[in-house]
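Asks: Sequence and predicted structure are below.
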Amino acid sequence: MAVEAAVENGWVDAFRRASDEDAELQAHGRYYSCAFLLDMEEHQYLVKMHAGKVEEILVDPGPLDDRYQFIIRASAETWRGFGQETPPPMHHGIFAAAFRTDLSLEGDLLVLMQNLRCVVRQIELLRVTGVPV
Amino acid sequence: MAHFSPVTGRYVTIDVMGDECKVFFLENGTGQPLVCQHTAGCHNHQWRDLLEDEEITQNYRVIAYDLVRHGKSDPPKNREWWKEEYRLTTDYYTAFITAFCDALELEDPIFTGSSFGGQVALQLALRHPDRFAGVIPVEASDYSPGFFLDWWQHPHANAAQVCASGVWDLMAPQSPDRDRWDTWFYYTQGSEAFRGDLYFYSVDHDLRGRLGEIDAEKCPVVIMNAEYDYLTTPEEGRQTAEQIEGAEFIEMEGIGHFPMSENYPVFKEYLQQALQKIDSKLGARAG
């Protein structure tokens, strides 16, 4: 999926909407402020969160376009598992996938841990929006 | 009109390698004792549905205790435990369980537990095959490295949420939300014990090369691992069972690492299979 397609196909808007309207994120995300990169092999998505809301999602950002604190990196194939309504085993969460697939957690993992509940929930929203690869 | 559960709770004080442990346990039912261990950093409410299951409790006395430092079982009463780092060892853990069973004067109990409860079930079969009529290690393997981590207690993160959300995807996405969230809720309560429990789980429990010493003819062993468990996969459970003479293995589909707590109706079917296998072995032996 090209950069334009990711936007045109509506994933960015869908993911933003799913996040901003999610009851759990909105009930518990008051301090959910951080930026992370979803590296899906074929494309990258820099998700910037502020106080539980999506501030911005950059598609295939340039090397110096913006900063982020951690990366969730996996092959497109692994991410496609996350995008299924009922994910297959080991594609049902970032810890499961980190232990058993090619998914890696990189960067400042303390920030990930500080926001773990919200990150885990937000990644599950890919089951609703699908994945843009 | 008020609805009262048939489950009752009591305390019993036991000696565990010199530690005075006041242990809280829940129980219901009559028949052969079925002793249930919760998972690391958790407590006996994980067994809430089994404890109230009339079909099971008409034949089994289901007993679910809180390990010392968990739930309503306080840390040792006679030791300044706050001056030490908590690290659960195999010696202590198995001594606790046998002391508890002795205190209740349990005859021919079956022991079951999941995760670090499954691993200690294997240890009991190895160390105390004469004390138990059988064991059902759930989510078990000879070795389970990688979870003795400082993240569970890191002062710069919310330990309650790190523990609870850190184990979230040990559960299957198909399991009911309410039960997964109850399990999550329990995990927000045990972060201080969780890391120390995992010393046993990921470090001290290491039966690689020793599974052949377990005699499943003397103490029947039925291992059950679940499809969505990323720490101890069904394949690892199967391989573990294959190295124990006489052990059996059941793969649990569509469920995860906390099966009794995340989706009891699914777990119950597998548990009944395991109990039947043990019953058959004991019956054949008696015959």
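Replies: Yep, that arrived.
Asks: and B:S165, that one's in a helix?
Replies: Yes. When DSSP: H, G, I helix; E, B strand; the rest coil is applied, B:S165 is found to be in a helix.
Asks: So it versus chain A, what's the distance?
Replies: Per CB to the nearest CB, to the nearest Å, B:S165 is found 4 Å from chain A. All C-beta atoms are positioned from the backbone trio N, CA, C, and that covers glycine.
Asks: Verify the contact between that residue and A:N115 for me.
Replies: No. Contact criterion CB atoms under 8 Å: B:S165 and A:N115 do not qualify, at 9.5 Å.
Asks: gap between B:N78 and B:T89?
Replies: 18 Å (CB to CB, to the nearest Å).
Asks: Those two: who's more crowded?
Replies: Between B:N78 and B:T89, B:T89 has the larger neighbour count (other CB atoms under 10 Å in any protein chain shown), namely 15 against 10.
Asks: Would you check how far apart the residue of chain A found nearest chain B and A:E56 are?
Replies: The minimum distance from chain A to chain B, using CB to the nearest CB, falls at A:G93 (2.3 Å). As for A:G93, its distance to A:E56 is 25 Å (criterion: CB to CB).
Asks: Who are the contact partners of A:G93?
Replies: Under the criterion of CB atoms under 8 Å, 6 or more residues apart in numbering or on different chains, the contact list for A:G93 reads A:V120, A:I123, A:E124, B:W168, B:D169.
Asks: Quick check: longest helix in chain B by residues?
Replies: helix B:264-286 (DSSP state H).
Asks: Can it be said to contact chain A?
Replies: No. Judged by CB under 8 Å from any CB of the partner chain, helix B:264-286 makes no contact with chain A; its nearest approach is 14.4 Å.
Asks: That helix - contacts with which helices or strands?
Replies: helix B:48-51, helix B:54-57, strand B:110-114, strand B:134-138, strand B:222-226, strand B:248-252, helix B:259-262 (3 or more CB pairs under 8 Å, 6 or more residues apart in numbering or on different chains; DSSP states H and E).
Asks: out of the ones you listed, nearest to A:G81?
Replies: strand B:222-226 (17.8 Å; CB to CB).
Asks: so what does the closest one touch, helix or strand wise?
Replies: strand B:134-138, helix B:234-242, strand B:248-252, helix B:264-286.
Asks: Residue 81: what's its closest spatial neighbour, skipping adjacent residues?
Replies: In the absence of a named chain, chain A is used. A:H91 (2.8 Å; CB to CB, 6 or more residues apart in numbering or on different chains).
Asks: Switch to chain B, please.
Replies: Per CB to CB, 6+ apart, closest to B:W81 is B:P75, 4.3 Å.
Asks: tell me the contacts of the residue of the stretch 151-287 of chain B found nearest chain A?
Replies: Across the stretch 151-287 of chain B, no residue is closer to chain A than B:D169, which sits at 2.3 Å (CB to the nearest CB). Shown in contact with B:D169 (CB under 8 Å, 6+ apart): A:H92, A:G93, A:I94, A:F95, A:A96, A:V120, B:Y230.
Asks: And B:T8, by the same measure?
Replies: B:L26, B:E27, B:N28.
Asks: still on that earlier bit, please identify the buried residues of the longest helix of chain B?
Replies: By neighbour count with 16 or more other CB atoms under 10 Å in any protein chain shown, helix B:264-286 contains the buried residues B:264, B:266-268, B:270-271, B:273-275, B:277-279, B:281-282.
Asks: At which residues are the strands of chain A located?
Replies: Along chain A, counting by DSSP state E, strands occupy A:34-39, A:44-50, A:53-59, A:70-73, A:104-107.
Asks: circling back: any chance of the contacts of A:G93 in a markdown table, with pLDDT too?
Replies: Output for those, formatted as a markdown table (pLDDT from 0 to 100):
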| residue | pLDDT |
| --- | --- |
| A:V120 | 98 |
| A:I123 | 98 |
| A:E124 | 98 |
| B:W168 | 97 |
| B:D169 | 95 |
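Asks: Could you tell me the per-residue confidence at A:D66?
Replies: Note for A:D66: predicted pLDDT of 96.
Asks: Equivalent analysis for B:G9, please.
Replies: 98.
Asks: What strand or helix carries it?
Replies: strand B:8-16 (DSSP states H and E).
Asks: can I have that strand written out in PDB, keeping just the CAs?
Replies: The C-alpha coordinates for strand B:8-16 follow below in PDB (Å, rounded to 0.1, in the frame of the first residue of the first chain):
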ATOM      1  CA  THR B   8     -16.400 -21.200  52.500                       C
ATOM      2  CA  GLY B   9     -13.100 -19.600  53.500                       C
ATOM      3  CA  ARG B  10     -10.900 -20.400  56.500                       C
ATOM      4  CA  TYR B  11      -7.400 -19.700  57.700                       C
ATOM      5  CA  VAL B  12      -4.900 -22.300  58.800                       C
ATOM      6  CA  THR B  13      -1.500 -21.600  60.300                       C
ATOM      7  CA  ILE B  14       1.300 -23.800  59.000                       C
ATOM      8  CA  ASP B  15       5.100 -24.100  59.400                       C
ATOM      9  CA  VAL B  16       7.100 -23.800  56.200                       C
END
